[in-house]
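the following block contains a protein sequence and its predicted model.
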Amino acid sequence: MGQDLLLDFPCDVPIKVFGRNAPGFRDSALSIMADHWDDLPLERVTERLSRGGSYLSLTINVYAESREQLDAVYRDLTASPGILMVL
């Protein structure tokens with residue numbers, strides 16, 4: 001029983017990316033996303049600072065075509081040294 005049963009592709013999926021609130025974090029995360037979705041509208045990206053302002057989370061809503069597409073972007077995001085966590 002695969003996780004694909006939870007999602008009916010193609011579908012909208014929110015991807016949360018967490019990192020330090022440092023120069024380059026946002027651009028790095030969005031650059032990785034653009035490698036997988038070249039038409040990603042910036043209005044589908046929301047940001048939230050941690051209470052102390054040290055961390056930044058991005059929620060990026062994408063239209064995923066397949067489980068393989070999601071797996072590939074998760075692999076690329078988690079391999080990036082500036083990204084602490086991806087949900």
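Done, it's in. Numbering: from 1, shown residues only.

my guess is residue 84 contacts residue 21, does it?
No. The criterion here is CB atoms under 8 Å, and residue 84 misses it with residue 21 at 11.2 Å. Quick note: C-beta positions are derived from backbone N, CA and C, even for glycine.

mutual contacts of those two, please.
residue 55 (CB atoms under 8 Å, 6 or more residues apart in numbering).

partner strands of the helix or strand harbouring residue 84, with direction?
Assigned by DSSP states H and E, residue 84 belongs to strand 83-86. Sheet pairing here is set by DSSP bridges, and for strand 83-86 it gives strand 11-20 (antiparallel).

other residues contacting the strand it pairs with?
Strand 11-20 is touched from outside by 7, 25, 29, 33, 54-64, 70, 73-74, 77, 82-87, with contacts defined as CB under 8 Å, 6+ apart.

tell me where the protein has helices.
With helices called from DSSP state H, the chain shows them at 25-36, 67-79.

where does pLDDT dip in the protein?
Counting by pLDDT under 70, the chain contains low-confidence ranges at 1-5.

go with 80
Residue ranges of the chain with pLDDT under 80: 1-6.

could you measure from the residue nearest the centre of the chain over to residue 44?
The residue lying closest to the centre of the chain (CA atoms, centre = their mean) is residue 15, at 4.1 Å. From residue 15 across to residue 44, the span is 10 Å (CB to CB, to the nearest Å).

now do the shared contacts for these two.
Contact criterion CB under 8 Å, 6+ apart; residues shared by residue 15 and residue 44: 60, 61, 62.

and the first one, what does it touch?
Residue 60 makes contacts with 14, 15, 16, 17, 29, 30, 33, 40, 44, 45, as judged by CB under 8 Å, 6+ apart.
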